[in-house]
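Engineer: The amino acid sequence is not available; the structure is as follows:
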């Protein structure tokens, strides 16, 4: 069994999340639950991730030790949070505390993280900010808020003139794959009580709209380019975290994802990381169908090693099993409803 938060804590967290977001979890989402087989896989995956954590609290690409530790730590923390673990709370509470402290230690006075691939900096900054925002929303730790203000300001000032974000904080153009992490980070920070300029959100919505291909119903990497699975997943999730829950492009994008969901694509795990919460927030039969299909695929490809489980790097060779295991665990655990960012 997954070690979840104590019942009282869980109820309080859900109530606060509902209050912050102005609505309760949709009833139709509750028709999707985690069965015992899936729960065993989630528990085994968390055991695997806990084993991969470094002595300094970070996670890295296991195929390339000491690479992308800020990003991988962000993804791993989200996996633990998705199953109800918080700093010093839950079976893996110590792992969460250690990972959170690692990220906090990497924040420099200017709000930039150390130990990041500078050529693709904003990817790491975005997911680390998402994870820290979710943790602050649950713990209200003062030092965490102080760091969050710094790193959120980096995102706000890194927004390009065309409304999106690109690889570095000083880029002048933008793409949807970097933009999704920044708008998710801004939404998570806003949920946690930090100030986020509405102008930043409005400009981001404008950029996302320019990436839409009306004929195909999907979204492109950059304006006027060809649509793709991961790009569309990132775009419709971006629209949702920007508050555009009734945008007609969501339905078209959802249909596009079902029609183009191919595990052979190199960026399939990356796309699924955004497709899952996007379909979850649409809810109803859409979410029920998507989760069932994802669960079938993931449970048939998981690698079991004693009491531990992980997913190999067959889908995204450049990222490794820590990334895939963190991503797929987060997706499978979504019916627990622990992550406020995934609620409307």
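Structural biologist: Yes, it's here. Just so it is clear, the model here is predicted, and its values are computed rather than measured.

Engineer: for the record, mean pLDDT for the helix or strand that contains residue 49?
Structural biologist: Taking DSSP states H and E as the criterion, residue 49 maps to helix 36-52. Across helix 36-52, the average pLDDT comes to 98.

Engineer: Only the buried residues of it, if you could.
Structural biologist: Buried residues in helix 36-52, counted by 16 or more other C-beta atoms under 10 Å: 38-50, 52. The C-beta positions use only the backbone N, C-alpha and C, and glycine is treated the same way.

Engineer: Centre of the chain to that helix, how far?
Structural biologist: Distance of helix 36-52 from its chain centroid, counting by C-alpha atoms, centre = their mean, to the nearest Å, is 18 Å.

Engineer: Same question for stretch 319-327.
Structural biologist: Worked out by C-alpha atoms, centre = their mean, stretch 319-327 lies 13 Å from the chain centre.

Engineer: that older thread, could you check the angle helix 36-52 makes with the helix or strand just after the helix holding residue 49?
Structural biologist: Downstream of helix 36-52, the first helix or strand assigned by DSSP H and E is helix 69-82. Helix 69-82 and helix 36-52 are oriented at 150 degrees to each other (axes from the mean of the first three to the mean of the last three C-alpha atoms, to 10 degrees).

Engineer: Which elements pack onto helix 69-82?
Structural biologist: Applying 3 or more C-beta pairs under 8 Å, 6 or more residues apart in numbering; DSSP states H and E, one finds that helix 69-82 contacts helix 36-52, helix 93-106, helix 121-139, helix 321-332.

Engineer: Reformat those into TSV and put distance to residue 195 next to each item.
Structural biologist: Listed next are the helices and strands packed on helix 69-82 as TSV, based on distance: least, C-beta to C-beta, whole Å:
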stretch	distance to residue 195
helix 36-52	33
helix 93-106	20
helix 121-139	13
helix 321-332	27
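
Engineer: Do you have the strands of the chain handy? List them.
Structural biologist: In the chain, the strands defined using DSSP state E lie at 212-213, 218-219, 303-305, 308-310.

Engineer: got the contact list for the first one?
Structural biologist: Pointing back at strand 212-213 there. The contact list for strand 212-213 (C-beta atoms under 8 Å, 6 or more residues apart in numbering) reads 218-220, 226-227, 235, 249.

Engineer: quick one: strands adjacent to that strand?
Structural biologist: strand 218-219 (antiparallel) (DSSP bridges).

Engineer: which residues make contact with the strand it pairs with from outside it?
Structural biologist: 176, 208, 211-213, 227-229, 231-232, 234-236, 252-253, 256, 260.

Engineer: and that strand, what's its mean pLDDT?
Structural biologist: 98.

Engineer: try stretch 188-197
Structural biologist: Here the average pLDDT along stretch 188-197 is 97.

Engineer: Just the buried residues of it, please?
Structural biologist: 188-192, 194, 196.

Engineer: want to throw the residues you listed into CSV with distance to residue 272?
Structural biologist: Formatted as CSV, the buried residues of stretch 188-197 follow (distance: C-beta to C-beta, whole Å):
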residue, distance to residue 272
188, 19
189, 24
190, 25
191, 23
192, 25
194, 28
196, 27
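
Engineer: Count the residues that sit near residue 141.
Structural biologist: 16 (other C-beta atoms under 10 Å).

Engineer: show me what contacts it?
Structural biologist: Residue 141 is in contact with 87, 135, counting by C-beta under 8 Å, 6+ apart.

Engineer: Quickly list what residue 165 is bridged to.
Structural biologist: Beta-bridge pairing for residue 165 (DSSP bridges): residue 175.

Engineer: so it touches residue 158, yeah?
Structural biologist: Yes. Applying C-beta atoms under 8 Å as the test, residue 165 and residue 158 come out as touching, 5.9 Å apart.

Engineer: Show me whatever sits in contact with both of those two.
Structural biologist: 122, 171, 182.

Engineer: what's around the last one, how many residues?
Structural biologist: Residue crowding around residue 182 was assessed by other C-beta under 10 Å; the count is 28.

Engineer: before we move on, the earlier item: which of the strands of the chain sits most buried?
Structural biologist: strand 218-219 (a mean of 28; mean count of other C-beta atoms under 10 Å).

Engineer: Distance from that one to the middle of the chain?
Structural biologist: 20 Å.

Engineer: quick one on the thing from earlier: now distance to residue 76 too, for the buried residues of helix 36-52, in a markdown table please.
Structural biologist: What follows is the buried residues of helix 36-52, written out as a markdown table (distance: C-beta to C-beta, whole Å):
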| residue | distance to residue 76 |
| --- | --- |
| 38 | 19 |
| 39 | 19 |
| 40 | 20 |
| 41 | 16 |
| 42 | 14 |
| 43 | 15 |
| 44 | 15 |
| 45 | 10 |
| 46 | 9 |
| 47 | 13 |
| 48 | 10 |
| 49 | 5 |
| 50 | 9 |
| 52 | 8 |
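
Engineer: which of these lies closest to residue 333?
Structural biologist: residue 42 (5.4 Å; C-beta to C-beta).

Engineer: show me what contacts the closest one?
Structural biologist: Shown in contact with residue 42 (C-beta under 8 Å, 6+ apart): 2, 34, 83, 329, 332-333.
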